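> here are the coordinates; sequence isn't available:
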């Protein structure tokens, strides 16, 4: 009996926290187009300089030691698909166009920036991509569906679907290398 009551109390507390996370996201992203149930468990800095930001349903920004930052410059577009997860300290910087697919996962301190001193070009990250800790995605890159970007990789060229990108600059390997 006591175990059941405790279990109900824990579930209730989790639901209440999730509601707080939804409300925090509504306040933080008030200058963006939001899908339903977008959540922020910590602070996210949003700098929308007259661009267009769209965050799909059930996107989640996790809180941590360093806040994530979203920058959308004048005339730029930043689009994030449904159920995408961002850990703390992520930087999304759109000067032209950044498109992120559905069900992607971004570890802490990932940088996605479509402008550098040399060029400005759109970035496309397709569905089901995992970007590990500290990776950097450079302008003009397309990352294919189901690809994995390793920790601290610097991606300067396209990554085909279901591939692994490793190193600085990133080299691409097919997953077939790892299967028997």
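Cool, got the structure. As the structure is a computational prediction, the values presented were derived from the model and not from experiment. Numbers count the residues shown, from 1 in each chain.
> tell me which residues form a beta bridge with the residue nearest the centre of the chain?
The residue at the geometric middle of the chain, judged as the C-alpha nearest the mean C-alpha position with CA atoms, centre = their mean, is residue 86 (4.3 Å). Beta bridges link residue 86 to residue 61, residue 106 when assigned by DSSP bridges.
> need the contact list for it.
Applying CB atoms under 8 Å, 6 or more residues apart in numbering to residue 86 gives the contacts 59-62, 68, 106, 110. (Each C-beta comes from the backbone N, C-alpha and C, glycine too.)
> For residue 63, see how far away residue 79 is.
Counting by CB to CB, to the nearest Å, the gap between residue 79 and residue 63 amounts to 23 Å.
> Residue 97 and residue 29, how far apart?
Note on residue 97: its distance to residue 29, by CB to CB, is 19 Å.
> ugh, typo on my part, it should be residue 95
20 Å.
> same question, residue 73
Going from residue 73 to residue 29 by CB to CB gives 17 Å.
> try residue 113
Applying CB to CB to residue 113 and residue 29 gives a distance of 20 Å.
> quick one: terminal-to-terminal distance for stretch 156-174?
With CA to CA, to the nearest Å applied, stretch 156-174 spans 17 Å between its terminal residues.
> Buried residues of that stretch, list them for me.
With burial defined by 16 or more other CB atoms under 10 Å, the residues of stretch 156-174 counted as buried are 156, 159, 161, 163-166, 170, 172.
> Stretch 61-69 too?
61-64, 67-69.
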